[in-house]
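Q: Any chance you can model this:
(chains A and B)
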2 protein chains.
Amino acid sequence: MAVNLRAPDPASLRVVAGVELGWAEAGIRKTNRKDLLLIRLAPGATAAGVFTQNRFRAAPVVVCREHLARSPAVRALVINTGNANAGTGPAGIEHARATCAEVARLCGTTPQQVLPFSTGVILEPLPVDRVLAGLPQAFARLAPGHWAEAAEAIMTTDTVPKAASREVALDGKRVNITGIAKGAGMIRPDMATMLGFVATDAAVAGPVLQALTREAADRSFNRITVDGDTSTNDSFVVIASAGSGAAPIVSRDDPRYAALAAALAEVSASLAQAIVRDGEGATKFIEIRVEGARGVDEAARVAYAIAHSPLVKTAFFASDPNLGRILAAIGNAGIADLDAARVQLFLNDVWVARDGGRHPAYREEDGVRVMQGTEILVRVQLGRGNADTTVWTCDLSHDYVSINADYRS
Amino acid sequence: MAVNLRAPDPASLRVVAGVELGWAEAGIRKTNRKDLLLIRLAPGATAAGVFTQNRFRAAPVVVCREHLARSPAVRALVINTGNANAGTGPAGIEHARATCAEVARLCGTTPQQVLPFSTGVILEPLPVDRVLAGLPQAFARLAPGHWAEAAEAIMTTDTVPKAASREVALDGKRVNITGIAKGAGMIRPDMATMLGFVATDAAVAGPVLQALTREAADRSFNRITVDGDTSTNDSFVVIASAGSGAAPIVSRDDPRYAALAAALAEVSASLAQAIVRDGEGATKFIEIRVEGARGVDEAARVAYAIAHSPLVKTAFFASDPNLGRILAAIGNAGIADLDAARVQLFLNDVWVARDGGRHPAYREEDGVRVMQGTEILVRVQLGRGNADTTVWTCDLSHDYVSINADYRS
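A: Sure thing, here's the model as predicted:
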């Protein structure tokens, strides 16, 4: 069960002018399930993306990067679940290209203006015929109001669809931002989540949109982990449809840039945190804040060492303040000159370890009280510098094992 | 339940001349349980050790390194379970020193010739009074034939005591090697396992013994992982008692060095693999062999990326050949210029992925057949160079979660 996460109210998801969505039940892996999504963009839209650093990049990621490198003037995105089209060699690339070609035919554009995405099981051939057969159905359903259905159509082991929406005023002109994401396991995005798509009807030039995308990812999807496994298919794409009629943002010096960046980061962080809340088997949502590091990378390394420790994660599941495990994880973060005697550890408002050892005033019942909650803040002070960062993660439960032991069956 | 691992036959554990062992039920954490071990060495013995790289080093590790740095002429070792004496600050150091002083008093030696070890819960004060009160009982039981009881006395979440023994002829003279180890969780030794002690009655000069110890660790304890968590207390110590009467080995050029190194590595590997077989919740024993790397470090990085992936580990638990997860883990090993198209993957004798994609002849039922066994070889060829290495690990099961969610309660 997801941690304090509910399906978004469809009425809260704002239409983004110039963006239409349609889905199909293509039967790619299972029947009677939305598993294919088509997003059509009006002429004038731009897109930018960040993608997995996994060296086994899925075929659609290869094709997607190729198309985006050619031009940000994208006209459609196509996403299938049920099969990742990863580890599929040259045939996988052909399948991704065939999918783009069929979308281009339906939408009256070129294959190079279509971005393909896949998610699901790795190392199995994509049943491309089912994808192609489903596309006309998705095309027929294209409409601007279909964000909630789109969020459903990209789910795999997710238990709750993930979508978020904001309105922001840019120099007096109102623009909308709506995004969807999927992901619950194999989550330690290196540049993005499994799949995340955020659209705004602001107008943004390609290079500026790339900067906005990177910034939003670094404040959201690049700060979450469920199990430390980076997917072969991670992709995060931001679309600027220009449908609001607002004047284009063509430079990072535009005073509207910061407002749009903040709103995009807010929507992205909401989606990223939703992925953690829906982390496979999650029963707790854990925020890990590391302060006093020499640099942000160092802070992130310590935060991820805690977030990835199976012993820390099982202790959270058990509501057991076995907090020495957190100190052990900090000690394993690979900081050669870390001085343990300068490390402070807090759990919410409880000071657990002072100067590297148990705080004399720490009482086990205070630890238990915090651990029993579903929202827990772990705060570490390293005493080395002024950099800090925050990472979001979840616990490791029996259900994580069940879900991943049974995923394909 | 441990994977194909049985308690050692006490009769198979060879006496090591000059080494006596005695235990006590000191009630450190639980009553009616062997939790304190004393090892007394005859004059003339040497010892060498390798220790955890965790920056939160436990107090006994700090004291142990200090004593060994002073002289390899060690006369006693003292090991308690039930409490790690880690994250305990200056008081923890005092407790370790007090323990050494009491052992020295009983054994008629100096505190600096005593090596202390602790294992158990982190961040709780060591009940040093119970340790001190138990020592006379352990002292009274000292005898050369107590290796099996010693293996029991250092267990924590272990389900099976771990001991191994060999006899080796050095230039016609027979010497004995017997070792014990403990560990089941928080296992990704960086220099050694949780606790491992191997003794031989060969005579070896201090610097040579240090080289032998490092070599044995690198071929055994430094090649295993259960959950990727490095303990604060990892220690691996090799003792050369000189009790066999064989002439001392004072140089690595001594022709007997290689024979002794091989036998020590064999005993150490047997103990290290026993730890994996008894890994918390383990149902499968998995050997990961990575070949064709540019260097041993690169091979180890890939092997550990596979061994630490929760998705790979749960797939093994489920006997589900969801083998794309292994490719994803290889892609996450941090080798920036890895060419996925040159990677081969085998499961036992089954060729699963050829040139980075699914092998055309691979059949799911062959994968299932291998996965259903309890002993599985994962073989990866990177196609980059000539270096290779092997890492041993286990699967991730429901019982791992149960054990670690309940460990302290």
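
Q: how much space between the residue of chain A positioned farthest from its centre and A:Ser402?
A: Distance to the chain centre peaks in chain A at A:Pro360, reaching 40.4 Å (criterion: CA atoms, centre = their mean). Plainly put, A:Pro360 is 41 Å away from A:Ser402 if you go by CB to CB, to the nearest Å. C-beta coordinates here come from the backbone N, C-alpha and C atoms, glycine included.

Q: give the contact list for the residue nearest to A:Lys173 when sequence neighbours are not counted.
A: In space, and not counting its chain neighbours, A:Lys173 is closest to A:Ala246: 4.4 Å by CB to CB, 6 or more residues apart in numbering or on different chains. Neighbour list for A:Ala246: A:Leu170, A:Asp171, A:Lys173, A:Val175, A:Asp201, A:Ala202, A:Ala203 [criterion: CB atoms under 8 Å, 6 or more residues apart in numbering or on different chains].

Q: SS state for A:Ala246?
A: coil (DSSP: H, G, I helix; E, B strand; the rest coil).

Q: Look up how far B:Phe139 lies from it.
A: Where B:Phe139 is concerned, A:Ala246 sits at a distance of 84 Å (CB to CB).

Q: so A:Ser118 touches A:Asn83, yeah?
A: Yes - the pair A:Ser118 and A:Asn83 qualifies as a contact (CB atoms under 8 Å) at a distance of 6.2 Å.

Q: Tell me which of the two has more neighbours.
A: Comparing A:Ser118 with A:Asn83 by other CB atoms under 10 Å in any protein chain shown, the one with more neighbours is A:Ser118, at 31 against 26.

Q: for that one, what are its contacts?
A: Counting by CB under 8 Å, 6+ apart, A:Ser118 has contacts A:58-60, A:79-81, A:83-86, A:96, A:126, A:233.

Q: In terms of helices and strands, where is it?
A: Taking DSSP states H and E as the criterion, A:Ser118 maps to strand A:114-118.

Q: strands paired with that strand, and their directions?
A: With DSSP bridges as the test, strand A:114-118 is paired with strand A:76-80 (parallel).

Q: and the next helix or strand after the strand it pairs with with strand A:114-118, angle?
A: Scanning forward in sequence from strand A:76-80 by DSSP H and E, the next helix or strand is helix A:89-107. Our comparison of helix A:89-107 with strand A:114-118, counting by axes from the mean of the first three to the mean of the last three CA atoms, to 10 degrees, yields an angle of 130 degrees.

Q: Make a markdown table from the contacts of A:Ser118 and add distance to B:Pro321 to it.
A: Shown next, in a markdown table, are the contacts of A:Ser118 (distance: CB to CB, whole Å):
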| residue | distance to B:Pro321 |
| --- | --- |
| A:Ala58 | 19 |
| A:Ala59 | 21 |
| A:Pro60 | 23 |
| A:Ile79 | 26 |
| A:Asn80 | 23 |
| A:Thr81 | 21 |
| A:Asn83 | 16 |
| A:Ala84 | 16 |
| A:Asn85 | 19 |
| A:Ala86 | 16 |
| A:Ala96 | 25 |
| A:Leu126 | 19 |
| A:Asn233 | 20 |
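
Q: So what's the gap between the strand holding A:Ser118 and the chain middle?
A: Its chain's C-alpha centre and that of strand A:114-118 lie 16 Å apart, by CA atoms, centre = their mean, to the nearest Å.

Q: How about the next helix or strand after it, which residues are buried there?
A: The helix or strand immediately downstream of strand A:114-118 is helix A:128-140, counting by DSSP H and E. Neighbour-count burial for helix A:128-140, counted by 16 or more other CB atoms under 10 Å in any protein chain shown, picks out A:Val128, A:Arg130, A:Val131, A:Leu132, A:Gly134, A:Leu135, A:Ala138, A:Phe139.

Q: Could you verify my assumption that A:Ser235 touches A:Thr52?
A: Yes - because the distance of 7.2 Å satisfies CB under 8 Å, A:Ser235 is recorded as touching A:Thr52.

Q: Looking at the two, which one has more neighbours?
A: Neighbour totals were compared for A:Ser235 and A:Thr52, and A:Ser235 leads with 29 against 26 (other CB under 10 Å).

Q: mind listing what the more buried one touches?
A: By CB under 8 Å, 6+ apart, the contact set of A:Ser235 is A:Gly49, A:Val50, A:Phe51, A:Thr52, A:Val61, A:Cys64, A:Phe117, A:Ala192, A:Met194, A:Leu195, A:Gly196.

Q: On the three-state scheme, the closest residue to the first one other than its chain neighbours is what?
A: Spatial nearest neighbour of A:Gly49, excluding adjacent residues (CB to CB, 6+ apart): A:Val237 at 4.2 Å. Here A:Val237 takes the strand state, with states given by three-state DSSP.

Q: shouldn't A:Val237 be in contact with A:Leu209?
A: No - counting by CB under 8 Å, A:Val237 does not reach A:Leu209; the two are 10.0 Å apart.

Q: Pull up the overlap in contacts between these two.
A: Among the neighbours of A:Val237, those also in contact with A:Leu209 (CB under 8 Å, 6+ apart) are A:Ala47, A:Ala48.

Q: so where's the stretch 51-200 of chain A shaky on pLDDT?
A: The stretch 51-200 of chain A contains residues with pLDDT under 70 at A:189-194.

Q: er, the stretch 301-409 of chain A I mean
A: In the stretch 301-409 of chain A (pLDDT under 70), the answer is A:407-409.

Q: how about the helices in it?
A: Here the stretch 301-409 of chain A has its helices, by DSSP state H, counting those that start in this stretch, at A:310-317, A:324-331, A:364-371, A:398-406.

Q: buried residues in the last one?
A: By neighbour count on 16+ other CB under 10 Å, the buried set for helix A:398-406 is A:His398, A:Asp399, A:Tyr400, A:Val401, A:Ser402, A:Ile403, A:Asn404, A:Ala405.

Q: Surely the fourth one is in contact with B:Thr314?
A: So the one you mean is A:Val401. Yes - with contacts defined as CB under 8 Å, A:Val401 counts as touching B:Thr314 at a distance of 5.5 Å.

Q: where do the contact lists of those two overlap?
A: Common neighbours of A:Val401 and B:Thr314, using CB under 8 Å, 6+ apart, are B:Leu396.

Q: sorry, back to before: pop out the phi and psi values for the residue nearest to A:Lys173.
A: Note on A:Ala246: its backbone torsions stand at phi -70, psi 150 [degrees, to the nearest 10].

Q: For the stretch 201-350 of chain A, which residue gets nearest to chain B?
A: Per CB to the nearest CB, A:Gly324 is where the stretch 201-350 of chain A lies closest to chain B, at 2.4 Å.

Q: Which single residue of the stretch 51-200 of chain A ends up nearest chain B?
A: Here the stretch 51-200 of chain A gets closest to chain B at one residue, A:Ile122, 2.4 Å apart by CB to the nearest CB.

Q: who's in contact with that residue?
A: Residues in contact with A:Ile122 (CB under 8 Å, 6+ apart) are A:Phe56, A:Ala58, A:Ala84, A:Ala86, A:Gly87, A:Thr232, B:Asn322, B:Gly324, B:Arg325, B:Leu327, B:Ala328.

Q: Give me the neighbour count for A:Glu266.
A: Residues within reach of A:Glu266, counting by other CB under 10 Å, total 17.

Q: Do I have it right that it meets A:Arg166?
A: Yes - contact criterion CB under 8 Å: A:Glu266 and A:Arg166 qualify, at 6.1 Å.

Q: which one of the helices of the stretch 301-409 of chain A lies closest to A:Ala143?
A: helix A:398-406 (33.1 Å; CB to CB).

Q: Tell me which helix or strand the residue nearest to A:Ser251 when sequence neighbours are not counted sits in.
A: In space, and not counting its chain neighbours, A:Ser251 is closest to A:Val208: 6.5 Å by CB to CB, 6+ apart. In the assignment (DSSP H and E), A:Val208 maps to helix A:206-218.
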